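Q: my questions are about this predicted structure, shown below with the sequence.
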Amino acid sequence: MVPAAVAMLRRVRASQLRMPQFLADAPGRCERLRVEIERTTDAAVLAGLWPRQVRPLLEEACDMLAAAATHGARLLSGPGKLAKLVGEADSALLLSGQQAEGAPLASLGPVAGLARLARGEIDRDTFARQYGHRSPHEAELSLPRPAEDPAWLDGQLAALRDTARDAEALLADQAAARAAAWERLARQDPGKAAAARKLIARWAPVARDREATRSELIRSAWVARTWVRRAGQLTGHGDDLFFLELQETFDLLRGDPGPLAKVPARRAAYQTYQALPPYPALIRGRFDPIRWAADPNRRSDYYDERAQAAKPDGTITGFPGAAGVVEGTVRVLRRPEDAVQLGDGEILVTTVTNIGWTPVFPRAAAVVTDVGAPLSHAAIVARELGIPAVVGCGNATMRLRSGDRVRVDGGNGTVEVLHQA
């Protein structure tokens, strides 16, 4: 194990040294490769692009994300240490603002880009080029990216016009509150303020790198999707190729139609499991996803086949995601595609969020998730926007219903039910 561990650490270190150049080059590299794929008219040439260019791009992007995550693992204690030093509320404020100083936080890219597009500062092509690879289902190669779907952008802009909560206004409010917190801390305890700045200076670049490398990995996945789509076009079998393994796709590109016989059964299985709720993050024992999905008392964070279902009390608990207390009306959403149902100032309750949910956050008074931790997407984005968040509640989507009135305490990680609809 020792030689393997040493080799892994050397690879991680080499990736960390190459990371700035990779992050600078990846957008243009991906765009050029997608254009080359789309212009390819020969099946053999397309097949050769995979081992020569597409696979090396994906492997390098994966190495970069692994390096960022490995480096970040050593600093995961930073937010906890900061909270002990200055308190939970001030900690959430001081950890926000990571989009400043010319190093944008990738999770906020789409929502900031939408605001700039709505004001006419950038055009649709620029938005698509910079942020069009990020989506709620960005790891699923068979689904279109926002850049491929003009209707997606139309819907987001319409929602932006209908909300009174502007993302950039929220960011400005949070910046003012953050500056006040620094001033207060420096006045009360200069030594503590210096220690807090040192903690954040070590933690912030790691958080940005992890977000940025994930974004470029997803951009690289868009290249892979483009390759599969082009293979479907050249062979005349379209989206069927998303149900083939890589070697089977190569066989089809060489003229062997045999793998296509496996597509109908695979498509049916995919549709069956796609209709199920997201699986628990932790599963212990034998797990039947269809039986679990039918259980009205199921939890979304973990499953234990030997556990007894506990009767819930009136308060839902989770991790403190972003500090603040707010009362409001619940809106339970299962999918980001249903986000149009979220009213201005309602409390978003969902299983888990990712980058595709980001444009929804400015409309929410608070965010509550079944799955997550203090460094999850929901916590990071809510903290940047100054929205209270409670994450990792386990079964909030099962215990709350749209129309319930609740009090969300992001600092203590609690959701108190005030009135049930």
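A: Thanks, I have the structure now. This structure is a prediction, so every number in the text was calculated from the model and none was measured.
Q: buried residues of stretch 358-375, list them for me.
A: Neighbour counts over stretch 358-375 (16 or more other C-beta atoms under 10 Å) mark 358-372, 374-375 as buried. Any C-beta I mention is one placed from the backbone N, CA and C, and that applies to glycine too.
Q: likewise stretch 154-173?
A: For stretch 154-173, burial by neighbour count (16+ other C-beta under 10 Å) applies to 155, 156, 157, 159, 160, 163, 165, 167, 170, 171.
Q: and the end-to-end length of it?
A: End-to-end distance for stretch 154-173: 27 Å, by C-alpha to C-alpha, to the nearest Å.
Q: can you give me the end-to-end span of stretch 286-296?
A: For stretch 286-296, the first and last residues are 19 Å from each other (C-alpha to C-alpha).
Q: contact partners of that stretch?
A: Residues from elsewhere that reach stretch 286-296 (C-beta atoms under 8 Å, 6 or more residues apart in numbering): 273, 276, 277, 279, 280, 298, 303, 305, 398.
Q: related to what we said a few turns ago, any chance of the buried residues of stretch 154-173 in a markdown table, plus distance to residue 203, secondary structure and pLDDT?
A: What follows is the buried residues of stretch 154-173, written out as a markdown table (distance: C-beta to C-beta, whole Å; DSSP: H, G, I helix; E, B strand; the rest coil; pLDDT from 0 to 100):
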| residue | distance to residue 203 | secondary structure | pLDDT |
| --- | --- | --- | --- |
| 155 | 35 | helix | 88 |
| 156 | 31 | helix | 88 |
| 157 | 34 | helix | 87 |
| 159 | 33 | helix | 83 |
| 160 | 31 | helix | 82 |
| 163 | 31 | coil | 76 |
| 165 | 28 | coil | 71 |
| 167 | 23 | helix | 78 |
| 170 | 22 | helix | 85 |
| 171 | 19 | helix | 83 |
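Q: could you dump those residues into TSV with distance to residue 187 added?
A: Shown next, in TSV, are the buried residues of stretch 154-173 (distance: C-beta to C-beta, whole Å):
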residue	distance to residue 187
155	47
156	42
157	43
159	41
160	39
163	37
165	32
167	31
170	26
171	25
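Q: just to revisit the earlier point, show the buried residues in the contacts of stretch 286-296.
A: 277, 279, 280, 298, 303, 398.
Q: chain center to the longest helix anywhere in the chain: distance?
A: Counting by DSSP state H, the longest helix found in the chain is helix 190-235. Chain-centre distance of helix 190-235: 10 Å, with C-alpha atoms, centre = their mean, to the nearest Å.
Q: go on, stretch 6-23?
A: 23 Å.
Q: what mean pLDDT does that stretch have?
A: For stretch 6-23, mean pLDDT rounds to 90.
Q: for it, buried residues please.
A: Neighbour-count burial for stretch 6-23 [16+ other C-beta under 10 Å]: 12, 15, 16, 19, 22, 23.
Q: quick one, helices of the stretch 1-150 of the chain?
A: For the stretch 1-150 of the chain, the helices defined by DSSP state H, counting those that start in this stretch occupy 2-39, 43-49, 55-73, 78-86, 88-95, 109-118, 124-131, 150-161.
Q: these: which one's closest to residue 197?
A: helix 88-95 (8.6 Å; C-beta to C-beta).
Q: quick one: average pLDDT of the closest one?
A: 80.
Q: so which residues make contact with it?
A: Contacts of helix 88-95 with the rest of the structure, by C-beta under 8 Å, 6+ apart, involve 79, 82-83, 85-86, 174, 177-178, 181-182, 185, 196, 200, 203-204, 320, 322-324, 383, 410-412.
Q: of those residues, grab the buried ones for ChimeraX.
A: Once 16+ other C-beta under 10 Å is used to decide burial, the buried members of the contacts of helix 88-95 can be selected in ChimeraX as follows:
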select :79,82,83,85,86,174,178,181,185,196,200,203,204,320,322,323,324,383,410,411
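Q: walk me through the domains of this protein.
A: 78-188, 238-274, 315-419 (automatic domain parsing).
Q: go through these and pick out the most buried.
A: Sort the domains of the chain by mean neighbour count, taking mean count of other C-beta atoms under 10 Å, and domain 315-419 sits at the top with a mean of 22.
Q: quick check: end-to-end length of stretch 70-81?
A: Using C-alpha to C-alpha, one end of stretch 70-81 lies 19 Å from the other.
Q: who's in contact with the nearest residue to residue 42 once chain neighbours are set aside?
A: Using C-beta to C-beta, 6 or more residues apart in numbering and skipping the chain neighbours, the partner closest in space to residue 42 is residue 234 (7.9 Å). Going by C-beta under 8 Å, 6+ apart, residue 234 touches 40, 41, 42, 43, 46, 253.
Q: quick check, the fourth one in contact with residue 236.
A: No: shown here, residue 43 and residue 236 do not form a contact pair, counting by C-beta atoms under 8 Å, at 10.6 Å.
Q: the more surrounded of these two?
A: Relative neighbour count places residue 43 above the other of residue 43 and residue 236, with 17 against 7, counting by other C-beta atoms under 10 Å.
Q: quick check: the one residue sitting closest to the centre of the chain vs residue 361, distance?
A: In the chain, the centroid-proximal residue (C-alpha atoms, centre = their mean) is residue 354; its distance is 2.7 Å. Relative to residue 361, residue 354 is positioned 12 Å away (C-beta to C-beta, to the nearest Å).
Q: distance between stretch 396-407 and the chain's centre?
A: Computed by C-alpha atoms, centre = their mean, the chain-centroid distance of stretch 396-407 equals 23 Å.
Q: give me the mean pLDDT for it.
A: pLDDT averaged over stretch 396-407 gives 93.
Q: which residues does it contact?
A: By C-beta under 8 Å, 6+ apart, the surrounding residues in contact with stretch 396-407 are 296-300, 312, 316, 318, 325-332, 334, 341, 347, 349-351, 368-370, 390, 415-421.
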